[in-house]
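Asker: No letters, just coordinates:
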């Protein structure tokens, strides 16, 4: 997961590495995702998120669609 | 009731995070065994279980590679919190370090294409500076099949 100046720079990177364009999110969404994903990581009781919980986090951040689905 | 392996893994996970926070680097397997008064074999078994969720991952040399959100090896995502600094594995993890610690941070990010400096400041639980677009190359279902490109 990398940060780019703009969509054009993402396209250039995809061309360079011969990869299809993937999913994108704003830096603000990235910060929200980081807080929801890692906010409880220092708790001794932390446990990995289930697929449903992880998908709920993505939805909360506005990451929806096939690209962000974890369930089959 | 919590299983003995779950208790051990919980202790080990917290040991690794505390070590990382105190020393700015990850413990080696031998240090973990000494610190937790157990064998390297038990440590490797515990990391194996924690790796199932990808929270922890090992390098080819058998030492820790990732204790999410921390990278145990230098990366292009340095994160400075006060006088201390760590590395994130990617931009998500770099943001994850101040999120996890609930502290202000400076992230030394750069454009993945042209390497233009794109520093990010987190202050008071908010993004203060920083711009750009985050790109994930691999669909969510395949993230851990292709960790490097993800």
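Answerer: Noted; the coordinates are in hand. Predicted, not measured: the structure shown is a model, and the values here were computed from it.

Asker: Not counting sequence-adjacent ones, nearest residue to residue A:48?
Answerer: residue B:53 (3.5 Å; Cβ to Cβ, 6 or more residues apart in numbering or on different chains). Any C-beta I mention is one placed from the backbone N, CA and C, and that applies to glycine too.

Asker: wait, isn't that neighbour in contact with residue A:51?
Answerer: No - using Cβ atoms under 8 Å, residue B:53 is not in contact with residue A:51, being 11.4 Å away.

Asker: Report all helices and strands that the helix or strand hosting residue A:59 contacts.
Answerer: Secondary structure from DSSP states H and E places residue A:59 in helix A:51-61. Counting contacts by 3 or more Cβ pairs under 8 Å, 6 or more residues apart in numbering or on different chains; DSSP states H and E, helix A:51-61 packs against helix A:27-38.

Asker: which parts of the helix holding residue A:59 are buried?
Answerer: A:54, A:55, A:57, A:58, A:61 (16 or more other Cβ atoms under 10 Å in any protein chain shown).

Asker: Show residues contacting it.
Answerer: A:25, A:29, A:32-33, A:36-37, A:49, A:64, A:68-71, B:140 (Cβ atoms under 8 Å, 6 or more residues apart in numbering or on different chains).

Asker: hmm, 7 Å instead?
Answerer: A:29, A:32, A:33, A:36, A:37, A:49, A:68, A:69, A:70, A:71 (Cβ atoms under 7 Å, 6 or more residues apart in numbering or on different chains).

Asker: Surely the first one is in contact with residue A:62?
Answerer: Yep, that's residue A:29 we're talking about. Yes - Residue A:29 lies in contact with residue A:62 (Cβ atoms under 7 Å); the separation is 6.1 Å.

Asker: hmm, back to that, just the closest of the contacts of helix A:51-61 to residue B:27, please.
Answerer: For the contacts of helix A:51-61, the residue nearest residue B:27 by Cβ to Cβ is residue A:37; the value is 23.5 Å.

Asker: What pLDDT is listed against the closest one?
Answerer: For residue A:37, the model assigns a pLDDT of 95.

Asker: Which secondary structure element of chain A has the lowest mean pLDDT?
Answerer: Within chain A, no helix or strand scores below helix A:51-61, which has a mean of 93 by mean pLDDT, DSSP states H and E.

Asker: Quick check: residue A:7 touching residue B:135?
Answerer: No - under the criterion of Cβ under 7 Å, residue A:7 is not in contact with residue B:135, lying 8.8 Å apart.

Asker: Which of these two has more residues huddled nearby?
Answerer: residue B:135 (24 against 12; other Cβ atoms under 10 Å in any protein chain shown).

Asker: where does the more buried one land in three-state SS?
Answerer: strand (DSSP: H, G, I helix; E, B strand; the rest coil).

Asker: and if you look at residue A:3?
Answerer: From three-state DSSP, the assignment for residue A:3 is strand.

Asker: For it, list the residues it contacts.
Answerer: Shown in contact with residue A:3 (Cβ under 7 Å, 6+ apart): B:91, B:109, B:111, B:112, B:118, B:132, B:134.

Asker: Keep these, but drop any that are not near chain A.
Answerer: B:91, B:109, B:111, B:112, B:118, B:132, B:134 (Cβ under 7 Å from any Cβ of the partner chain).
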